[in-house]
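Undergrad: With the sequence up front, the predicted model follows.
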Amino acid sequence: MALAVVVGAGAGAGSVIFRWCIRTFTHVFSGHADYSASPAADNPHAPWLGPYFVLLAPAVGGLLYGPLVNRYAKEARGHGVPEVMLAVAQRGGRISPKVAVVKTLASALTIGSGGSVGREGPIVQIGSALGSTLGRLTKVTEGRMKLLVACGAAGGIAATFNAPLAGVFFAMELILGTFSAEAFGATVLASVTASVIGRAAFGDVAFLNLPGFHVDHLAQYGLFAALVLVAAGLGVGFARFL
């Protein structure tokens with residue numbers, strides 16, 4: 001339980017550093033703290049390019065990303081979540097500590113330069129790498145190692161998206177693939193610890209602000225049920241097709 005809290009704190013701190021790196025690279029490549037808030041604006045670092053710098057920035061980011069990952073941590077390639085699942089399934093949860101550092105820099109570089117990626121995969125792999133590293137240092141068993149990896153993933157999701165419950169179920173369903181009282185307790189501790197750090201740094205703000213919702217007529221519940229059946233059928237069909 002104590003190790004779960006430490007991993008959660010590490011994942012929370014990792015999310016803060018990751019977000020700071022994203023903001024830094026965004027400012028370097030676009031000249032703005034959030035370019036999406038001022039689309040089509042010029043880059044003050046290269047005003048002669050006008051708004052067309054957006055064609056160059058992702059290419060430069062990609063040219064820097066490739067050698068960085070290939071040279072220092074090839075395990076950091078890819079989305080992040082499948083790589084963690086593979087480490088748990090085939091390597092007993094062992095993830096190189098270099099992954100946390102390289103994934104932070106490489107993913108922040110890609111996002112900041114306008115690459116078409118998000119924060120979910122990177123922060124899961126960063127948190128999981130921290131959990132695996134702590135497991136190696138304390139020489140825990142393979143089962144405990146996998147659990148610490150899941151704690152890192154839960155903490156990363158909780159801190160980055162202000163979603164502690166989502167972090168817990170994400171880790172148990174995808175990373176561990178099993179439910180138990182011990183795993184639930186450990187991931188909750190890690191997730192809540194990371195969430196506290198995330199809220200202290202970013203504020204208690206919802207990741208998505210949804211509009212107000214209300215049901216006008218009871219018949220709408222039937223439409224919701226029909227939508228669920230259609231979505232489930234599409235999900236099964238897509239999985240089989242894939």
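TA: That came through fine. Not measured: the values here are computed from a predicted model.
Undergrad: Show me what the biggest helix by length in the chain is packed against.
TA: Looking across the chain with DSSP state H, the single longest helix is helix 2-30. Under the contact definition 3 or more C-beta pairs under 8 Å, 6 or more residues apart in numbering; DSSP states H and E, helix 2-30 sits against helix 53-72, helix 98-112, helix 120-138, helix 142-161, helix 181-202. The C-beta positions use only the backbone N, C-alpha and C, and glycine is treated the same way.
Undergrad: Redo those as JSON lines? Include mean neighbour count, mean pLDDT and distance to Ala9.
TA: Formatted as JSON lines, these follow (neighbours: other C-beta atoms under 10 Å; pLDDT from 0 to 100; distance: least, C-beta to C-beta, whole Å):
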{"stretch": "helix 53-72", "mean neighbour count": "15", "mean pLDDT": "87", "distance to Ala9": "25"}
{"stretch": "helix 98-112", "mean neighbour count": "23", "mean pLDDT": "88", "distance to Ala9": "14"}
{"stretch": "helix 120-138", "mean neighbour count": "26", "mean pLDDT": "89", "distance to Ala9": "10"}
{"stretch": "helix 142-161", "mean neighbour count": "30", "mean pLDDT": "91", "distance to Ala9": "8"}
{"stretch": "helix 181-202", "mean neighbour count": "21", "mean pLDDT": "92", "distance to Ala9": "5"}
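Undergrad: Ok, which of the ones you listed comes nearest Leu210?
TA: Leu210 sits nearest to helix 142-161 of all those, at 13.9 Å, using C-beta to C-beta.
Undergrad: Could you identify the helix or strand that succeeds the closest one?
TA: Counting by DSSP states H and E, the next helix or strand C-terminal to helix 142-161 is helix 164-170.
Undergrad: could I get that next one in CSV with only the CA atoms?
TA: Extracted C-alpha coordinates of helix 164-170, given in CSV (Å, rounded to 0.1, in the frame of the first residue of the first chain):
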residue,chain,number,x,y,z
PRO,A,164,-9.5,9.2,-10.3
LEU,A,165,-12.3,6.7,-10.8
ALA,A,166,-11.5,6.4,-14.5
GLY,A,167,-7.9,5.8,-13.6
VAL,A,168,-8.7,2.9,-11.3
PHE,A,169,-11.0,1.0,-13.7
PHE,A,170,-8.7,1.8,-16.7
